[in-house]
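Participant: Sequence unavailable; structure follows:
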Ligand code: NAD
Ligand code: TYD
């Protein structure tokens with residue numbers, strides 16, 4: 001039995017991972033989470049009574065705290081989900097992305113080095129930057145991030161690899177595609193569009209909506225991380241996605257059709273600055289570990305959309321609370337000038 005420190009375990013992917021891991025393993029999990037706007041204790045409300053799970057509220061960049069928690073709890077493995085994660089937020093206020101994603105990861109690596117912990121880092125396909133047609137990113141490709149978010153994630157990846165090369169720290173990295181599923185904060189596109197459609201509000205599509213993403217179900221990401229933790233080679237990077245991308249317009253149509261909502265809700269609004277046109281990853285290296293995704297991207301988007309239709313009690317307080325100020329700032333002017 002292992003004691004695993006899951007950072008960012010109250011966020012979207014972290015909470016799905018904790019739930020998946022506790023139902024499939026006997027290990028103990030300590031969640032370390034700062035509970036930012038995206039981190040919600042209630043994402044794990046069904047599990048806090050499990051004696052194998054505990055929560056420490058705090059910052060991954062606080063080395064004294066991380067060291068104390070790891071020592072007191074006998075942590076053997078760190079799985080680092082904690083991050084600032086939204087590209088649009090990184091355009092509005094980038095510095096916290098460096099604080100958490102770069103410095104925070106570096107602090108965790110230092111503690112892992114001191115206590116000789118197994119370290120798994122959660123990264124993203126966005127570190128590869130825009131991918132031209134005809135290519136799929138493979139793990140040795142050079143990194144070419146183009147947003148403050150992806151630049152901070154790329155810096156973290158480089159630090160993790162440097163700790164393997166320099167100190168021999170037992171590390172692995174997974175680079176996930178755009179995840180969809182339960183408990184995703186509604187700033188991200190699929191929960192934003194699903195909840196807007198359920199509220200009868202317009203769906204703000206950036207630019208022409210021809211951008212391409214690999215929309216992967218979060219459970220397939222969790223099993224991918226599991227495969228790497230169990231069978232991955234130390235020092236290596238593994239892409240995790242479906243290997244198939246669709247345009248944002250295709251994704252919007254799946255969301256609307258799943259809800260039986262009208263396409264009249266679509267609005268084309270001013271594009272995101274520096275918007276990466278296409279992400280696409282080759283996932284053969286992970287498949288070679290015996291992993292395969294259960295959901296195709298269309299099913300993943302439809303399944304996620306249904307969750308928001310069936311779980312209004314989770315997202316309505318978010319949408320009517322703190323999220324409103326962000327939504328106004330990000331979308332009011334765009335929507336006022338929109339073309340349908
Ligand atoms: P999220 O924004 O839903 O959750 C992030 C979590 O990290 C929250 O619980 C938050 O409170 C916590 N956190 C933030 N700063 C912290 C700090 N300084 N100390 C401790 N905790 C802190 O994010 P997510 O979508 O679940 O993403 C999790 C990880 O997966 C991130 O590293 C992200 O870069 C990566 N990733 C996400 C996607 C995606 O589609 N969402 C795709 C690929 C990779
Ligand atoms: P997002 O969920 O923010 O993920 P990322 O930018 O990390 O890929 O956005 C996914 C895609 O949807 C991306 O091409 C941007 C687009 N998008 C919109 O068209 N409108 C929106 O309101 C948002 C949030 C995203």
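Facilitator: Done, it's in. None of the values given here were measured: they were computed from a predicted structure. Ligands and ions are numbered 1, 2, ... in the order given.

Participant: C-alpha only now, for contacts and for neighbours.
Facilitator: Will do.

Participant: The chain against ligand 2: which residues are in contact?
Facilitator: Those residues of the chain that sit near ligand 2, judged by Cα under 6 Å from any ligand atom, are 86, 87, 178, 187, 188, 189, 204, 205, 206, 211, 248.

Participant: which strands and helices sit next to the strand or helix carrying residue 301?
Facilitator: Using DSSP states H and E, residue 301 sits within helix 297-310. On a contact count with 3 or more Cα pairs under 8 Å, 6 or more residues apart in numbering; DSSP states H and E, helix 297-310 meets strand 178-180, helix 189-199, strand 215-217, helix 248-259.

Participant: Please identify the deepest-packed of those.
Facilitator: Among the helices and strands packed on helix 297-310, strand 215-217 has the highest mean neighbour count (mean count of other Cα atoms under 10 Å), at a mean of 28.

Participant: now what about it, what contacts it?
Facilitator: 177-181, 241-242, 245-246, 295-298, 300-301, 304 (Cα atoms under 8 Å, 6 or more residues apart in numbering).

Participant: ok, now stretch 199-208?
Facilitator: Applying Cα under 8 Å, 6+ apart, the set of residues contacting stretch 199-208 is 193, 196-197, 248-249, 265-272, 331, 335.

Participant: about what we covered before: present the helices and strands packed on helix 297-310 as JSON lines; the columns should include distance to residue 121.
Facilitator: Compiled in JSON lines, the helices and strands packed on helix 297-310 are given as follows (distance: least, Cα to Cα, whole Å):
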{"stretch": "strand 178-180", "distance to residue 121": "16"}
{"stretch": "helix 189-199", "distance to residue 121": "24"}
{"stretch": "strand 215-217", "distance to residue 121": "18"}
{"stretch": "helix 248-259", "distance to residue 121": "28"}
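
Participant: Could I get the full set of strands for the protein?
Facilitator: 3-7, 28-33, 53-57, 77-80, 118-124, 171-176, 178-180, 203-206, 212-213, 215-217, 237-240, 246-247, 266-269 (DSSP state E).

Participant: Now render the helices and strands packed on helix 297-310 as CSV, adding mean pLDDT and distance to residue 146.
Facilitator: What follows is the helices and strands packed on helix 297-310, written out as CSV (pLDDT from 0 to 100; distance: least, Cα to Cα, whole Å):
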stretch, mean pLDDT, distance to residue 146
strand 178-180, 98, 16
helix 189-199, 98, 19
strand 215-217, 98, 20
helix 248-259, 98, 19
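
Participant: Of all the ones you listed, which one comes closest to ligand 1?
Facilitator: Ligand 1 sits nearest to strand 178-180 of all the helices and strands packed on helix 297-310, at 3.6 Å, using Cα to the nearest ligand atom.

Participant: now the end-to-end length of stretch 304-321.
Facilitator: 22 Å (Cα to Cα, to the nearest Å).

Participant: Report the buried residues of it.
Facilitator: For stretch 304-321, burial by neighbour count (16 or more other Cα atoms under 10 Å) applies to 304, 305, 306, 308, 309, 315, 318, 319.

Participant: ok, the residue lying closest to residue 181 once chain neighbours are set aside - contacts?
Facilitator: In space, and not counting its chain neighbours, residue 181 is closest to residue 304: 4.4 Å by Cα to Cα, 6 or more residues apart in numbering. Taking Cα under 8 Å, 6+ apart as the criterion, residue 304 is in contact with 180, 181, 182, 190, 191, 217.

Participant: Which members of those are the farthest-apart pair?
Facilitator: Pairwise distances across the contacts of residue 304 peak at 12.9 Å for 191 and 217 (criterion: Cα to Cα).

Participant: need the buried residues of stretch 304-321 in TSV with pLDDT and distance to ligand 1, can you?
Facilitator: TSV is the format used below for the buried residues of stretch 304-321 (pLDDT from 0 to 100; distance: Cα to the nearest ligand atom, whole Å):
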residue	pLDDT	distance to ligand 1
304	98	12
305	99	15
306	98	18
308	98	15
309	98	19
315	98	13
318	97	13
319	96	15
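
Participant: Residue 224 and residue 237 touch, don't they?
Facilitator: No - contact between residue 224 and residue 237 fails when scored by Cα atoms under 8 Å: they sit 11.8 Å apart.

Participant: rewinding a little: near ligand 1 too, which of the contacts of residue 304?
Facilitator: Among these, none lies close to ligand 1 by the criterion of Cα under 6 Å from any ligand atom.

Participant: Which residues of the stretch 151-300 of the chain lie near ligand 1?
Facilitator: Contact residues (Cα under 6 Å from any ligand atom) of the stretch 151-300 of the chain with ligand 1: 176, 177, 178, 179, 184, 185.

Participant: For ligand 2, state which of those is nearest.
Facilitator: For those, the nearest to ligand 2 is residue 178 (5.9 Å; Cα to the nearest ligand atom).

Participant: The closest one reaches residue 220, doesn't it?
Facilitator: No - if you go by Cα under 8 Å, residue 178 and residue 220 don't touch, sitting 11.5 Å apart.

Participant: shared neighbours, these two?
Facilitator: Common neighbours of residue 178 and residue 220 (Cα under 8 Å, 6+ apart) are residue 241.
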